[in-house]
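Peer 1: Requesting a structural model of the entry that follows:
(4 chains)
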Protein chains: 2
Amino acid sequence: MKSNHKATIVDVAKAAGVSISTVSRVVNDYPHVRPEIRLRVQEAMEALSFVPNRQARRLVGSRSGVVGLMVHALGTEYIAQVTRGIDEALYEADYDLILYTTHRVPDREVHYAQAVAQGLADGLLIVVPSVGDAYLDTLRAANFPHVLVDVDNGNEKSSSVGITNYQGAYDATSYLLKLNHRRIGLITDQPEWSLSRSRLSGYKAALADHGLDYDPALIQQDNFMSPYTGRLVEAFLALDDPPTAIFTFNDTAALQVMETLRLKRIRVPQDISVVGFDDIAQAKTATPELTTVYHPVYEMGRAAVEILCEHIENPGSPPRHIQLETQLRIRESCCYWSDA
Amino acid sequence: MKSNHKATIVDVAKAAGVSISTVSRVVNDYPHVRPEIRLRVQEAMEALSFVPNRQARRLVGSRSGVVGLMVHALGTEYIAQVTRGIDEALYEADYDLILYTTHRVPDREVHYAQAVAQGLADGLLIVVPSVGDAYLDTLRAANFPHVLVDVDNGNEKSSSVGITNYQGAYDATSYLLKLNHRRIGLITDQPEWSLSRSRLSGYKAALADHGLDYDPALIQQDNFMSPYTGRLVEAFLALDDPPTAIFTFNDTAALQVMETLRLKRIRVPQDISVVGFDDIAQAKTATPELTTVYHPVYEMGRAAVEILCEHIENPGSPPRHIQLETQLRIRESCCYWSDA
DNA sequence: ATGAAAGCGCTAACAT
DNA sequence: ATGTTAGCGCTTTCAT
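Peer 2: Below is the predicted model:
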């Protein structure tokens, strides 16, 4: 017995005493196969523990059952949650997941897009906030199924799923305004990201609706270098008229703000209120618990998969855009401001 | 021009005016090609932005450049960090990563192992603590490159990389003992996992070295259902002679213990000391900061990739076993116990 | 040094 | 309802 050699359709065909096309039909669940023969083939498959070869399948132009996921890097809570939503939905749809981590090297993104489009995957999920048009054009030109995850530009010709960034920031800012805060410091993410721009608009709009103008001195940009956020807080504090509340575009930054404040013995929320964005796990375990804007990361992942599957199964289908709702989660890091 | 169709070796061959075999030689950097021809082919490749098709390559029996990663589920800090180490090392070695999440369904594990060994990937990384021998035998029989990550049985015929689980638990327990604790509650992970068994031995050994016997009533098993850990704490508290310290086999459980204790207004560390295992990010941000055993997750991932690559490049190579060192990280969640 | 040709495992016409 | 056959893009003998 040569059982150490992996079984192919040919082996199954021989074992079942039929032709390879019949086996293929059974494997793909196609009609026009006599029930008894179907059964016989299935038994042979079972006996030989046959698993169809995905690359061979893809090679002849049909589905491989694999979809690609392109992300900057692994290891953040945010990515972990998005990935979880994607993975679970993919599992239910019976797809495997191939991971492409760009490590923030833009060149890789272009290269990957090509590789993926030629490669094993039937479609691509893109969780890279700064979507350079370069490789998107490649994908669109090849009519390769793909969806952008967590971007905010509905005018794109690519499908996308995002959240209500504008509304989320608007809600958070309004909440602070209602608590009588008039000087609200803002720490933004990369301004090139469409979602940052939307959130910034939301912040400004809330201010405007309260008859307030925004103060450029109160808008600072985070650069994701860990100790940096603390400096921004110090810059705020050094102002003649420092903010009484700080709103950040991600929870990690908010948590760092709180930590910086704690080290400076400035009380949260009594002296300064803090609001974050995302609602990561640590937001609930922090002291005080962080008030933040809930970002439906997990659901976003699932929605993206749904759209992608539609594109894969239905190649001509037009781009779709889904926007999931954010939600203000009021906890302990904010309180009413009274000018004493 | 038909540039919307992706370039194949045939296109390159035509463009360079040579045969496909020559192109193949250039692509694979084989000898016996005249320098000028090599250059001409390279230019053609460049011009057509040719990317070799991996599945076609793999189909004829050579490397696919893909390795599989099998994990239970995504979304935990632990997995995120292991994956990060693996991903980065793989990136440097120029491999793609295909992810298999078993969702704790044993059947999926067997199925994946088969699928992978069938030819999708060149090798498999297994981060599934409960290693059922069933599919391992399949892999070994097929002589398929694979390495077990974070397991603890060096007697296996499969390569593995793990940590000093015994020593880690021994150190943590000894530390508590040195702080005069005599009743140390233990919350273990699944006892089927080899690493849990090693840690348990470490715990018992430390006790024994202090002339203490272990009390079965103080050893409880976590079941990973969020509210459950709290019950275990209550069970401890209900004892006639409750523990003065609690040691858990993962930080998530330790954090939940602390939360439960906080809700019950039992002070940590004054009333009860707590020690975790893993040293996840939240351990440092918790209040009080969690004392825990550092688990070199990231390095473990990298080490696993190193071994796997060796197996792939060198098919006959014998199994290797690496054990990385843990380290007790003393922070704020423990203090000296004096029977008042 | 280079090319022709035979597959790898599979699907999709095209027979029958 | 079932079988035959022609590729998919590539590597690898085997010729030349």
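Peer 1: what does the stretch 1-150 of chain A have sitting close to DNA strand C?
Peer 2: The stretch 1-150 of chain A comes close to DNA strand C at residues A:6, A:8-10, A:20-21, A:24, A:27-28, A:50, A:52-53, A:56-57, A:59-62, as judged by C-beta under 7 Å from any atom of the strand. C-betas here are computed from N, CA, C, even on glycine.
Peer 1: Selecting buried members of those in ChimeraX, what would you type?
Peer 2: Selecting only the buried entries of these in ChimeraX, with 16 or more other C-beta atoms under 10 Å in any protein chain shown as the criterion:
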select /A:6,8,9,24,27,50,52,53,56,57,59
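Peer 1: Quick check: which element contains the nearest residue to A:Ala93 once chain neighbours are set aside?
Peer 2: Beyond its immediate neighbours in the sequence, the residue positioned closest to A:Ala93 (C-beta to C-beta, 6 or more residues apart in numbering or on different chains) is A:Cys309, lying 5.3 Å away. Element membership for A:Cys309 (DSSP states H and E) is helix A:297-313.
Peer 1: repeat for A:Asp152
Peer 2: Using DSSP H and E, no helix or strand contains A:Asp152.
Peer 1: give me the number of residues near it?
Peer 2: Number of residues near A:Asp152 (other C-beta atoms under 10 Å in any protein chain shown) recorded here: 22.
Peer 1: returning to that earlier point: ok, the residue nearest to A:Ala93 - contacts?
Peer 2: Taking C-beta atoms under 8 Å, 6 or more residues apart in numbering or on different chains, we find A:Cys309 in contact with A:Ala93, A:Tyr95, A:Gly123.
Peer 1: Do you know the pLDDT at A:Val105?
Peer 2: Predicted confidence (pLDDT) for A:Val105: 69.
Peer 1: let me redo that: A:Arg267
Peer 2: As predicted, A:Arg267 sits at a pLDDT of 97.
Peer 1: Dihedrals phi and psi, it?
Peer 2: Phi and psi for A:Arg267, reported as degrees, to the nearest 10, are phi -80, psi 140.
Peer 1: Skip the chain neighbours and tell me the closest residue to the residue in chain A that chain B sits nearest to.
Peer 2: Nearest residue of chain A to chain B: A:Gln55, at 2.8 Å (C-beta to the nearest C-beta). In space, and not counting its chain neighbours, A:Gln55 is closest to B:Gln55: 2.8 Å by C-beta to C-beta, 6+ apart.
Peer 1: where does that neighbour fall, phi/psi-wise?
Peer 2: With angles defined as degrees, to the nearest 10, B:Gln55 sits at phi -70, psi -30.
Peer 1: Would you indicate which residues of the strand or helix carrying A:Val257 are buried?
Peer 2: Applying DSSP H and E as the criterion places A:Val257 in helix A:251-263. Within helix A:251-263, the residues scored as buried using 16+ other C-beta under 10 Å are A:Asp251, A:Thr252, A:Ala253, A:Ala254, A:Leu255, A:Gln256, A:Val257, A:Met258, A:Glu259, A:Thr260, A:Leu261.
Peer 1: repeat for stretch A:138-156
Peer 2: Across stretch A:138-156, burial judged by 16+ other C-beta under 10 Å covers A:138-139, A:142, A:144-152, A:156.
Peer 1: show me the contacts for the closest residue to A:Ile184 other than its chain neighbours.
Peer 2: Closest residue in space to A:Ile184, ignoring its immediate chain neighbours: A:Ala245 at 4.9 Å, by C-beta to C-beta, 6+ apart. Taking C-beta under 8 Å, 6+ apart, we find A:Ala245 in contact with A:Leu176, A:Leu179, A:His181, A:Arg183, A:Ile184, A:Gly185, A:Ile272, A:Ser273, A:Val274, A:Val275, A:Cys334, A:Trp337.
Peer 1: And A:Val82, by the same measure?
Peer 2: Taking C-beta under 8 Å, 6+ apart, we find A:Val82 in contact with A:Val71, A:Val127, A:Val149, A:Asp150, A:Val297, A:Tyr298, A:Met300, A:Gly301.
Peer 1: Intersect the buried residues of helix A:251-263 with the contacts of chain B.
Peer 2: Restricting those to those near chain B by C-beta under 8 Å from any C-beta of the partner chain leaves A:Leu255, A:Glu259.
Peer 1: what's near enough to touch the closest residue to DNA strand C within the stretch 101-250 of chain A?
Peer 2: Among the residues of the stretch 101-250 of chain A, A:Asp122 lies closest to DNA strand C, at 12.2 Å counting by C-beta to the nearest atom of the strand. The neighbours of A:Asp122, taking C-beta under 8 Å, 6+ apart as the test, are A:Arg58, A:Arg63, A:Ser64, A:Gly65, A:Val66, A:Val67, A:Tyr95, A:Pro145, A:Ile312.
Peer 1: now the least confident helix or strand in chain A by mean pLDDT, how far from the centre of its chain.
Peer 2: Scoring the helices and strands of chain A by mean pLDDT, DSSP states H and E places helix A:106-118 at the bottom, with a mean of 72. Distance of helix A:106-118 from its chain centroid, counting by C-alpha atoms, centre = their mean, to the nearest Å, is 19 Å.
Peer 1: relative to helix A:297-313, how tilted is the following helix or strand past that helix?
Peer 2: Of the helices and strands lying after helix A:106-118 in sequence (DSSP H and E), the nearest is strand A:123-127. On the basis of axes from the mean of the first three to the mean of the last three C-alpha atoms, to 10 degrees, strand A:123-127 is oriented at 150 degrees to helix A:297-313.
Peer 1: is chain B contacted by strand A:123-127?
Peer 2: No - applying C-beta under 8 Å from any C-beta, one finds strand A:123-127 separated from chain B by no less than 12.3 Å.
Peer 1: who does the least confident helix or strand of chain A touch, helix- and strand-wise?
Peer 2: Counting contacts by 3 or more C-beta pairs under 8 Å, 6 or more residues apart in numbering or on different chains; DSSP states H and E, helix A:106-118 is packed against strand A:66-71, strand A:123-127, helix A:133-141.
Peer 1: Using JSON lines, lay out those together with mean pLDDT.
Peer 2: Output for the helices and strands packed on helix A:106-118, formatted as JSON lines (pLDDT from 0 to 100):
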{"stretch": "strand A:66-71", "mean pLDDT": "91"}
{"stretch": "strand A:123-127", "mean pLDDT": "93"}
{"stretch": "helix A:133-141", "mean pLDDT": "79"}
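Peer 1: low-confidence ranges in the stretch 201-340 of chain A?
Peer 2: Applying pLDDT under 70 to the stretch 201-340 of chain A picks out residues A:224-227, A:340.
Peer 1: what residues does it put near DNA strand C?
Peer 2: Along the stretch 201-340 of chain A, not a single residue is adjacent to DNA strand C under the rule C-beta under 7 Å from any atom of the strand.
Peer 1: Find the closest residue to DNA strand C in the stretch 201-340 of chain A.
Peer 2: A:Pro315 (12.0 Å).
Peer 1: If you drop the residues flanking it in sequence, what lies closest to that residue?
Peer 2: Distance criterion C-beta to C-beta, 6+ apart; nearest residue to A:Pro315, sequence neighbours excluded, is A:Asn143 at 6.9 Å.
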